[in-house]
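K.L.:
Would you be able to build a 3D model of this:
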Amino acid sequence: MRHNKKFNHLSRKKGHRDALLSNLTIALIMHKRINTTLAKAKALRVYAEPIITRSKKDDTANRRLVFSYLRNKEAVKELFGVVAEKVADRPGGYTRILKTGHRLGDNAETCFIELVDFNEARLSAPKDEKKGKTTRRSRRKAAPKAEAAPAEEPKAEAPAAEAEEEAKA
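P.N.:
Modelled structure (predicted):
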């Protein structure tokens, strides 16, 4: 029976899975954004978010606990320094998953997983005031064609004007 075993095993044994998630978490902390499969990203979110929550309170016990998961001094230093400053006021939801399509070789769903507070493009983008309002698409495609039609008419008149001048002469 598999009662209360909801997490994805990722087709790996426990030691291999723990090493994979630890390495992905280190890469996420160091690079702030990584490209991986959707299944790994969802498993990583469950693994990494409690670690990021631990980093909000900087004390020896939390540092040792996080180090026992990551086993990387530089990642722990980055997590308790730069990352903890940005997520200090956030109550949770430190990561964002953005789907990017399917991989060419095996058609696996790929995605980006990133730390929410470090996406500079999204943070600097202007907010839409219309958010929530839907707009209907107009079928006004005749107006641009109407503007193009008069431009063609003078060309048709020009040969006629030349014919009239030749007739007068």
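
K.L.:
tally of neighbours for residue 42?
P.N.:
Neighbours of residue 42 under the rule other Cβ atoms under 10 Å: 17. C-betas here are computed from N, CA, C, even on glycine.

K.L.:
try residue 63
P.N.:
Other residues close to residue 63 by other Cβ under 10 Å number 17.

K.L.:
Strands of the protein, start to end?
P.N.:
Per DSSP state E, the chain carries strands over the ranges 33-37, 95-102, 109-115.

K.L.:
Who are the packing partners of the shortest one?
P.N.:
Counting contacts by 3 or more Cβ pairs under 8 Å, 6 or more residues apart in numbering; DSSP states H and E, strand 33-37 is packed against helix 14-31, strand 109-115.

K.L.:
What lies in contact with it?
P.N.:
24, 27-28, 44, 100, 103, 108-115, 118-119 (Cβ atoms under 8 Å, 6 or more residues apart in numbering).

K.L.:
7 Å instead, please
P.N.:
Contacts of strand 33-37 with the rest of the structure, by Cβ atoms under 7 Å, 6 or more residues apart in numbering, involve 24, 27-28, 108-114.

K.L.:
do the last one as well
P.N.:
Identification of contacts with strand 109-115 by Cβ under 7 Å, 6+ apart yields 28, 32-38, 41, 44-45, 83, 94-103.

K.L.:
Next, the buried residues of that strand.
P.N.:
Buried residues in strand 109-115, counted by 16 or more other Cβ atoms under 10 Å: 110-111, 113-115.

K.L.:
hey, where'd the helices end up in the protein?
P.N.:
For the chain, applying DSSP state H gives helices covering 14-31, 38-54, 60-70, 73-78, 84-86, 120-124, 142-168.

K.L.:
Can you say which of the contacts of strand 109-115 are buried?
P.N.:
28, 32, 34, 36-38, 41, 44-45, 83, 94-96.

K.L.:
Tell me the one of the residues you listed nearest residue 55?
P.N.:
The shortest gap between residue 55 and any of these belongs to residue 83, at 6.3 Å (Cβ to Cβ).

K.L.:
wouldn't that closest one be in contact with residue 29 here?
P.N.:
Yes - if you go by Cβ atoms under 7 Å, residue 83 and residue 29 touch, sitting 6.2 Å apart.

K.L.:
can you redo the strands of the chain as CSV with mean pLDDT and distance to residue 69?
P.N.:
Shown next, in CSV, are the strands of the chain (pLDDT from 0 to 100; distance: least, Cβ to Cβ, whole Å):
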stretch, mean pLDDT, distance to residue 69
strand 33-37, 98, 17
strand 95-102, 97, 16
strand 109-115, 98, 17
